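> just need the structure, nothing else, for what follows:
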Amino acid sequence: MLLIWKAAVTNKNRTGFQRSWEVRCCKGNIAMQGILYEEPSLWLFVLVTCLMGGWAAWMAGRACAKTWRSYTTLIFYMLLLGVGVRFIHFALFEGTMVTLHYYVIDTIVLIIIGTLGYRYTRTNQMIQQYHWLYEKVSPFSFKDRTGV
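The predicted structure is shown next:
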C-alpha cells in the first residue's frame, strides 16, 4: 500500500512567482524537504550547511581547543556561524534569512560538527602534553592512565 502525505506550502519569492514545496512519505522513504531544509534539493543543504558550514565549525572547534577555550565559547561561536550559514542560504539560493526553524536545524548541525572538532583536538592535545596522566580511548575521548 502506498501512503502519500502531501503538504503544500506556497510562498512568494523575490520575483513574485509562486513556488510550492511538498513533503512526501512513501513506505519508509521519508523526504525531509521542508523539515530539515527548505531548498528544492538535499544537495544544497549538504553543500552549504554540512560541507561549507561544517568545515568552518570544525575549524572553530579546533581553534577553541588549541587556545584552551571553554566549550561554552564554542557554542557561542556556533550560534554566530549559524547566522552566517543562513545568510549563504538566503543570498545564493533564495532561502529565508530569518526563520527560527531552519536556523535551529543549521545550528544543531554546526554544533555537532564543531563539537567533534573540539573533542578530537582536545583529546590529541591532552595525550601529547600529559602523556603520563592520560591515555586515548577513542579519537574523541581520553581517560586517566591506570597504574600512575
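
> report the longest helix in the protein, please.
helix 100-129 (DSSP state H).

> report the buried residues of that one.
Residues of helix 100-129 classed as buried under the neighbour-count rule (16 or more other C-beta atoms under 10 Å) are 102-103, 105-107, 109-111, 113-124, 126. Heads up, the C-betas are built off the backbone N, CA and C, glycines and all.

> now the helix or strand that it is followed by: mean pLDDT?
Counting by DSSP states H and E, the next helix or strand C-terminal to helix 100-129 is strand 134-138. Strand 134-138 carries an average pLDDT of 92.

> got the CA coordinates for strand 134-138 in PDB?
Presented in PDB, the C-alpha positions along strand 134-138 are these (Å, rounded to 0.1, in the frame of the first residue of the first chain):
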ATOM      1  CA  TYR A 134      46.000  10.300  30.200                       C
ATOM      2  CA  GLU A 135      45.600   7.600  27.600                       C
ATOM      3  CA  LYS A 136      43.500   7.700  24.400                       C
ATOM      4  CA  VAL A 137      40.200   5.700  24.400                       C
ATOM      5  CA  SER A 138      38.900   6.800  21.000                       C
END
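
> now the angle from that strand to helix 100-129?
Relative orientation of strand 134-138 versus helix 100-129 (axes from the mean of the first three to the mean of the last three C-alpha atoms, to 10 degrees): 140 degrees.
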